[in-house]
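Enquirer: give me a 3D structure for the following:
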Amino acid sequence: MPHAESPILLLGAGGFLGQHVAAALRAAGRPVRGVRGTDLAALDAAGWDALLAGAGGVVNAAGRTAGGLDALVRANVQLLAGALDAGARAGVPLVHFASAAEYGRTPAGHATRETDPAAPLSVYGASKLAGTVLLQEAVRSGRVRACALRLTNPLGHGISAGTLPGRAAQQLREAAQTGRTDLRFGPLGAERDFVDARDAARAALHVLALLDTPDSSVPDVINVGSGEARPVRELVRGLADLSGYRGPLHEDAPGSPRSGDVPYQRADLTRLHATGFRAHHPFHASLGALLGAVPV
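Expert: Coordinates of the predicted model:
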């Protein structure tokens with residue numbers, strides 16, 4: 001871990017991923033510097049420099065997954081551009097959470113590699129890809145030591161009920177408690193690579209430490225996932241079993257356009273494993289953490 005006595009600047013500390021990174025830092029005995037009440041996308045150079053003063057590194061867990069083009073560009077591109085420039089001036093490493101949505105549609109059975117063409121199918125994915133390209137340019141030019149972690153579908157404590165896993169956990173807990181047996185979902189056949197948010201946080205700190213290690217070679221983009229593709233149906237049924245829900249799970253509600261656009265997702269983890277990192281939390285443990293933490 002870089003500069004053991006220095007705090008890590010954590011952008012997005014109050015968000016889903018940010019909370020897990022903060023917990024991992026605290027578990028490692030590292031001071032965390034969060035940011036509250038500040039429009040990071042609007043910060044000038046002096047504002048960024050003040051945030052980074054004395055910091056030993058930066059983890060960017062900030063960003064948006066939904067919204068209009070302007071909001072997504074501000075959160076996923078402009079914010080990162082400011083952080084990269086500030087990290088370069090301060091001479092500290094930066095790890096950024098990118099997204100597997102940058103890849104777009106991939107053939108069934110294919111594990112996406114970091115060198116595969118990126119062809120996002122949503123404004124969100126396009127904005128995340130733009131941020132990754134900025135980071136790659138900054139690394140190639142030698143301005144900053146940084147890495148984009150292309151994260152698949154994270155699961156765990158604090159996930160939004162606006163996501164399918166969060167919504168399913170909330171509905172199944174309610175149904176188990178009330179006796180409701182008419183739960184309806186969209187088609188659940190799409191296959192996804194689910195990863196525990198705690199492992200995503202651990203990966204961020206692992207890579208941040210490598211970036212600050214002399215003579216270490218760290219790729220500018222690294223996939224983070226489980227390396228397995230599971231039908232979303234397996235996630236919902238697993239949550240149903242854990243919650244005690246025994247009713248049917250109908251799949252006749254309107255489906256998500258993204259599920260049809262990207263029916264299969266699986267990350268190739270060769271680069272991640274080459275760094276010495278391995279996940280600790282299996283799928284069923286992720287479901288338990290998710291179900292126990294979604295309020296009714």
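
Enquirer: just the pLDDT at the residue nearest to Asp220 when sequence neighbours are not counted, thanks.
Expert: Once flanking residues are discounted, Asp220 sits nearest to Val139: 4.4 Å by Cβ to Cβ, 6 or more residues apart in numbering. Quick note: C-beta positions are derived from backbone N, CA and C, even for glycine. Looking at Val139, its pLDDT reads 98.

Enquirer: please apply the same query to the one 10 residues further on.
Expert: If you check Leu149, the pLDDT there is 98.

Enquirer: follow-up on the earlier one: tally of neighbours for the residue nearest to Asp220?
Expert: Applying other Cβ atoms under 10 Å, we find 21 residues neighbouring Val139.

Enquirer: OK, contacts around it?
Expert: With contact taken as Cβ atoms under 8 Å, 6 or more residues apart in numbering, Val139 is in contact with 145-147, 220.

Enquirer: and after the lowest-mean-pLDDT helix or strand in the chain, which helix or strand comes next?
Expert: When each helix and strand of the chain is scored by mean pLDDT, DSSP states H and E, helix 257-261 comes last, with a mean of 65. Next helix or strand after helix 257-261 toward the C-terminus (DSSP states H and E): helix 270-274.

Enquirer: show me what that following helix is packed against.
Expert: Judged by 3 or more Cβ pairs under 8 Å, 6 or more residues apart in numbering; DSSP states H and E, helix 270-274 is in contact with strand 221-224.

Enquirer: any idea of the mean pLDDT for the strand it packs on?
Expert: Strand 221-224 comes out with an average pLDDT of 98.

Enquirer: direction included, what does it pair up with?
Expert: Strands adjacent to strand 221-224 in the sheet, as given by DSSP bridges, are strand 146-151 (parallel).

Enquirer: avg pLDDT for the following helix or strand past the strand it pairs with?
Expert: Downstream of strand 146-151, the next assigned helix or strand under DSSP H and E is strand 153-155. Mean per-residue pLDDT for strand 153-155: 97.

Enquirer: I'd like to know which elements strand 153-155 is packed against.
Expert: On a contact count with 3+ Cβ pairs under 8 Å, 6+ apart, strand 153-155 meets strand 194-196, helix 197-211, helix 283-293.

Enquirer: let me have the ones you listed in CSV, extended by mean pLDDT.
Expert: CSV is the format used below for those (pLDDT from 0 to 100):
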stretch, mean pLDDT
strand 194-196, 98
helix 197-211, 98
helix 283-293, 90
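
Enquirer: between those, which one is closest to Ala267.
Expert: Closest approach to Ala267 among the helices and strands packed on strand 153-155 (Cβ to Cβ): strand 194-196, 8.3 Å.

Enquirer: so what are the sheet partners of the closest one and their directions?
Expert: Applying DSSP bridges, strand 194-196 is found paired with strand 153-155 (parallel).

Enquirer: chain center to the partner strand, what's the gap?
Expert: Relative to its parent chain, strand 153-155 has a centroid offset of 7 Å by Cα atoms, centre = their mean, to the nearest Å.

Enquirer: stretch 27-40 too?
Expert: With Cα atoms, centre = their mean, you get 17 Å for stretch 27-40.

Enquirer: pLDDT of that stretch, averaged?
Expert: For stretch 27-40, mean pLDDT is 94.

Enquirer: tell me how far the ends of that stretch are from each other?
Expert: Taking Cα to Cα, to the nearest Å, stretch 27-40 runs 27 Å from one end to the other.

Enquirer: how about stretch 262-277?
Expert: Length of stretch 262-277, first residue to last, Cα to Cα: 27 Å.

Enquirer: residues in contact with that stretch?
Expert: 100-101, 103-114, 121, 150, 152-153, 189-193, 202-203, 206-207, 210, 218-219, 221-229.

Enquirer: just the buried residues out of those residues, in ChimeraX syntax.
Expert: Here is the ChimeraX selection string for the buried members of the contacts of stretch 262-277, based on 16 or more other Cβ atoms under 10 Å:
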select :100,101,103,104,106,111,112,114,150,152,153,190,191,192,193,202,203,206,207,210,218,219,221,222,223,224,225,226,227,228,229
